[in-house]
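Asker: when you get a sec, could you give me coordinates for this:
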Amino acid sequence: MRGGRHAGDASHLSGIPLSAKLGTLAVLLVISGFFSLAETSMMALNRFRLRHLARTGNRGARLASDLIARTDRLLGVILLCNNLVNSAAAVLVGVISIELFGDNELALAIGTAAVTFLILVFSEITPKVIGATYPERIALPLAYVLGPLLRLLYPIVWFVNLFVSTLLRLLRIRRQRGDETESLSPEELRSLVLEHSHFMPRKHRSILVNLFDLERITIEDVMTPRHQIEAVDLDQPEDELFEKLATSYHTRLVAYRGELNNVVGILHLRRAISLMRDGHIDTADLEEMLTEPYFVPAHTPVFTQLGYFQENRQRVALVVDEWGELQGLITLEDIIEEFVGEFTTSTPARAIGYAWDENGAVLVEGTTPLRDLNRQLQLALPLDGPKTLNGLVLEHFQDIPEGGVSARIAGVPMEIVQTQGRAVKTVRIFRPPVPVSPESETAF
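Answerer: The predicted model follows:
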C-alpha cells in the first residue's frame, strides 16, 4: 500500500520535467528562507530604536511597530506560511527522490535527509543568522509585505490563534502587553548606559549613571557634616563677628547663639557686606537680615530633596536627625555635584583630592566621606552603614584602634596612622589587589 500511494503521488507530477521540479524546490526554499528571515529580524528589532524611528516619521518603522504590537498575529501568519512551504518542499523532495532512486525505503530515507539538510541550511539557519545580524535593515522593508499578507490570511490566523489562546489559558499563561515586556528597571537602564557608553561622551555617561544613583542615596550621604559647617555666633564680640564675615568663603552662613543647635537663621553674606561698607552695623541689624532656617530629615532621598528645593525656592537646608539634633547642612550645589561632578568653586575643605602614590598607597583623613573615596580611588567601600572613613574603621574594630594597627576592610588594606581622642584622624589606604568592576565605578 505504501509503495502504491507514493507511486500515485508521483504519477501526478510525472509529466513535469525534473528541472522544473528542482526549480520549484529552489523557489520553495527561498520562500521558506524569506519567512525565517522575517521572523528572526522582527523579533530581534530593538524596540526602543523602533519607537524612535516611528516617532520621526519612518513609515516602515510604524508598520513594524503595529505588527510587533500583536506578536501572536505576526507569528501566526509567518509560521503558517513557513510550515506550508516547508511541507510542500518535503513532498516535492519525496517525489524527486522516488523519480531518481525508485519507490523504496532507501529513496524515502534519502529524501528525508536531503530535505532536512536543505531546509536547515538554506531556509532556517542562514536566514535567521542574517536576520539577527541586520534586524533593522531587513525588518522595516519586510513590514510592507507582512502587513498585507496578514490582512489576506487573517481569518486563518485568527482561527489558529483561537486554539493557541485556549491552550494558553489552560496552562494559565497570561500574554503580556508590549509595554509590560519592554519596560526596564533603573538597574537595567544603568547597565544599558554602561554597556553602550561608546555611543556618548564619557561626561554624559557619568551624568546619566549618577542620576540613577540619586534614588538610592540620602541627604546624609552628601551633606556637609556638622563639624565642617561654617557658622557665625551672634553672641561673640562684634569685631570678631565682622572679621569672620569679611573673610568667609560662603555666600550664606548659618547664624546661631551660644551653640550650634540653637540656630536662629541663615545670613546672606552679600547683604551684610554691603551694609558694612556703607557704615557701622551691629548684631541687631544682622538679625533683621536673617531668613528662617529650613530643616530637613537626614534620611530624605537626595532626588526627593531636589524637588523640595525647587518647590520651596530654597538653596540651603539644615539636616537634623530623628531627635531634632543638627547633623549637617545640604545645599542645592551639593546635590547638583552628585551627578555633574565637582564645581571649580568648591570650598578648599572639599577640594581635597586623593590619588595613589608610586607605592600604591594614599594617606587619607578620617573625616573623608566614603563616597568621595570610592569616587576618587575607584574603591567599593560599603555605603549602607557609616558615611566616613572614621566611622567605617570604628565599626570594623568595635573600638578605637591604636596607631600602627592594620586591617583589611571590605577587601581594602588599611593602616591606622593616627588617632586623636575618640576618632581616627589619619589612615593609610593601600590599593586593593582586585580591581573594582566598571559597574561600581563613578566617573567623577
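
Asker: tell me the domain ranges of this structure?
Answerer: Segmentation of the chain into domains, based on automatic domain parsing, reads 2-182, 219-332, 352-440.

Asker: columns distance to Val193, mean neighbour count and mean pLDDT on top of those domains, output as JSON lines?
Answerer: For glycine as for every other residue, the C-beta is placed from the backbone atoms N, C-alpha and C. Output for the domains of the chain, formatted as JSON lines (distance: least, Cβ to Cβ, whole Å; neighbours: other Cβ atoms under 10 Å; pLDDT from 0 to 100):
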{"stretch": "domain 2-182", "distance to Val193": "13", "mean neighbour count": "16", "mean pLDDT": "82"}
{"stretch": "domain 219-332", "distance to Val193": "17", "mean neighbour count": "15", "mean pLDDT": "84"}
{"stretch": "domain 352-440", "distance to Val193": "10", "mean neighbour count": "15", "mean pLDDT": "84"}
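
Asker: which among those is found nearest to Phe339?
Answerer: Nearest to Phe339 among the domains of the chain is domain 219-332 (9.3 Å), distances taken as Cβ to Cβ.

Asker: roughly how far is stretch 76-83 from the heart of the chain?
Answerer: 37 Å (Cα atoms, centre = their mean, to the nearest Å).

Asker: mind saving the C-alpha coords of it as PDB?
Answerer: Presented in PDB, the C-alpha positions along stretch 76-83 are these (Å, rounded to 0.1, in the frame of the first residue of the first chain):
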ATOM      1  CA  GLY A  76       0.800  33.200  13.200                       C
ATOM      2  CA  VAL A  77       1.000  34.400   9.700                       C
ATOM      3  CA  ILE A  78       4.800  33.800   9.400                       C
ATOM      4  CA  LEU A  79       4.700  30.300  10.800                       C
ATOM      5  CA  LEU A  80       1.600  29.400   8.900                       C
ATOM      6  CA  CYS A  81       3.200  30.300   5.600                       C
ATOM      7  CA  ASN A  82       6.600  28.900   6.600                       C
ATOM      8  CA  ASN A  83       5.200  25.500   7.600                       C
END
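
Asker: now for the domains of the chain, which one comes closest to Asp213?
Answerer: domain 219-332 (8.6 Å).

Asker: report the distance from the closest one to the chain centre.
Answerer: Relative to the chain's own centre, domain 219-332 is displaced by 37 Å; criterion: Cα atoms, centre = their mean.

Asker: what's in contact with the helix or strand hosting Ala113?
Answerer: Element membership of Ala113, judged by DSSP states H and E, is helix 105-118. Outside helix 105-118, the residues that touch it by Cβ atoms under 8 Å, 6 or more residues apart in numbering are His6, Leu25, Leu29, Ala89, Ala90, Val93, Gly94, Ile96, Ser97, Ile98, Leu100, Phe101.

Asker: before we move on, back to that, make a markdown table out of the domains of the chain and add distance to Glu338.
Answerer: Listed next are those as a markdown table, based on distance: least, Cβ to Cβ, whole Å:
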| stretch | distance to Glu338 |
| --- | --- |
| domain 2-182 | 26 |
| domain 219-332 | 6 |
| domain 352-440 | 9 |
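
Asker: tell me which of the ones you listed lies nearest to Leu194.
Answerer: Using Cβ to Cβ, the domains of the chain put domain 352-440 closest to Leu194, at 5.8 Å.

Asker: so which of the contacts of helix 105-118 is the closest to Val264?
Answerer: Leu29 (86.8 Å).

Asker: by contact count, what packs against the strand or helix carrying the closest one?
Answerer: Assigned by DSSP H and E, Leu29 belongs to helix 18-44. For helix 18-44, the elements it packs on are helix 59-69, helix 71-101, helix 126-133, helix 135-152, judged by 3 or more Cβ pairs under 8 Å, 6 or more residues apart in numbering; DSSP states H and E.

Asker: quick one: which of those is nearest Leu290?
Answerer: Evaluated over those, closeness to Leu290 peaks at helix 59-69, with 58.6 Å, by Cβ to Cβ.

Asker: any idea how far that closest one is from the middle of the chain?
Answerer: Offset of helix 59-69 from its chain centre (Cα atoms, centre = their mean): 26 Å.

Asker: relative to helix 18-44, how tilted is that helix?
Answerer: Counting by axes from the mean of the first three to the mean of the last three Cα atoms, to 10 degrees, helix 59-69 lies at 80 degrees to helix 18-44.

Asker: just to revisit the earlier point, of the domains of the chain, which approaches His204 most closely?
Answerer: Closest of these to His204 is domain 352-440, at 16.2 Å (criterion: Cβ to Cβ).

Asker: quick one, which of the domains of the chain gets closest to Pro201.
Answerer: Of all those, domain 352-440 comes closest under Cβ to Cβ, at 16.4 Å.

Asker: ok, now which ones touch Leu18?
Answerer: With contact set as Cβ under 8 Å, 6+ apart, Leu18 has these partners: Ile96, Glu99, Leu100.

Asker: distance of the second one relative to Lys21?
Answerer: The reference is to Glu99. 8 Å (Cβ to Cβ, to the nearest Å).

Asker: quick one: the helices in the stretch 251-400 of the chain?
Answerer: Using DSSP state H, counting those that start in this stretch, the helices of the stretch 251-400 of the chain run over 269-278, 283-289, 302-312, 332-340, 370-377, 389-397.
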